[in-house]
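J.: generate coordinates for the sequence data below:
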Amino acid sequence: ATTTAQRLRSLWALHVTGSLDAELVDTLLSQKDADVRAWTMQLVTEATNRQRGVSEKVAATIAKLASADASSIVRLYASSAIQRLPMEQRWAIADGLASHAEDAEDHNLPLLTWYGVEPLVMLDPPRALQLADRSKIPLLSRFIVRRLAAEDMGMEPLLAHLQKVDDAARGWMLEEIVASLRVRANVKAPAAWTKTFDLLMQSPNLAFRQQAEYIAVKFGDQRVFPQLRTTLTNREL
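T.: Next up is the predicted model:
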């Protein structure tokens, strides 16, 4: 086959006849033609059992392509492929996809990657937060934080993590926590909130303090009441 169309027709024929064995898949994933690499990923993940997944060698190759492949087409297909894989095989591929700052404004890649990552977030919140920290795709990082803030079991590790990050990260994380809490009621304050509240209220950043007050109200934290009374009686505000 000398053209992309011919190569793809050959690939599809191999797929429908059940001839895509492990050795051939390995070869195809290293082809120079990006469309062949992309379609091989799609076909091999479509043919696998979602519980069993692909072989560890194929999973490692897809993760490598997600991280290092220069083709946005290959990365697009990798972001779609992870949705057909078992949870444990998704992490490394998601890490690779999240490392591409050039994909941050792409119309499809950030969301497709998120769809594959979303089920992982509540399975392992600390690992999800590490992914959010490393991610060069802001939308993915923000969605991870908002997803954690949507459930009580995610709020504890999230607030503990908030204490450790720099102000730049703390700013957008607080925005996502507040956005998530706006649609929640009867939220119980996790243990980490006590220290986090003190840290935020001591910040010179007015936005941080105001966000801390809002979160405190949602948690029913009475420590915020004196500050709220001061705000109410301050005619200059």
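J.: can we go C-alpha only for contacts and neighbour counts from here?
T.: OK.
J.: quick one: the most centrally placed residue in the chain and Ala207, what's the gap?
T.: Centroid-nearest residue in the chain: Leu140, 4.4 Å away (criterion: C-alpha atoms, centre = their mean). Distance, Leu140 to Ala207, by C-alpha to C-alpha, to the nearest Å: 23 Å.
J.: just the helices in this structure please.
T.: Residue ranges of the helices in the chain, as given by DSSP state H, are 4-16, 22-28, 34-46, 56-68, 72-81, 87-98, 109-121, 125-134, 138-149, 152-162, 167-181, 193-201, 206-219, 225-233.
J.: let's have the ones you listed in TSV, adding mean pLDDT and distance to Val187.
T.: Formatted as TSV, those follow (pLDDT from 0 to 100; distance: least, C-alpha to C-alpha, whole Å):
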stretch	mean pLDDT	distance to Val187
helix 4-16	94	51
helix 22-28	91	49
helix 34-46	95	40
helix 56-68	96	38
helix 72-81	97	34
helix 87-98	97	29
helix 109-121	97	20
helix 125-134	97	18
helix 138-149	98	10
helix 152-162	96	7
helix 167-181	97	8
helix 193-201	96	12
helix 206-219	94	5
helix 225-233	71	17
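J.: next, the buried residues of stretch 23-38.
T.: Buried residues in stretch 23-38, counted by 16 or more other C-alpha atoms under 10 Å: Val25, Asp26, Leu28, Leu29, Asp33, Ala34, Asp35, Val36, Arg37, Ala38.
J.: the fourth one contacts Leu43, correct?
T.: No - at 11.3 Å, Leu29 and Leu43 do not qualify as touching, with contact defined as C-alpha atoms under 8 Å.
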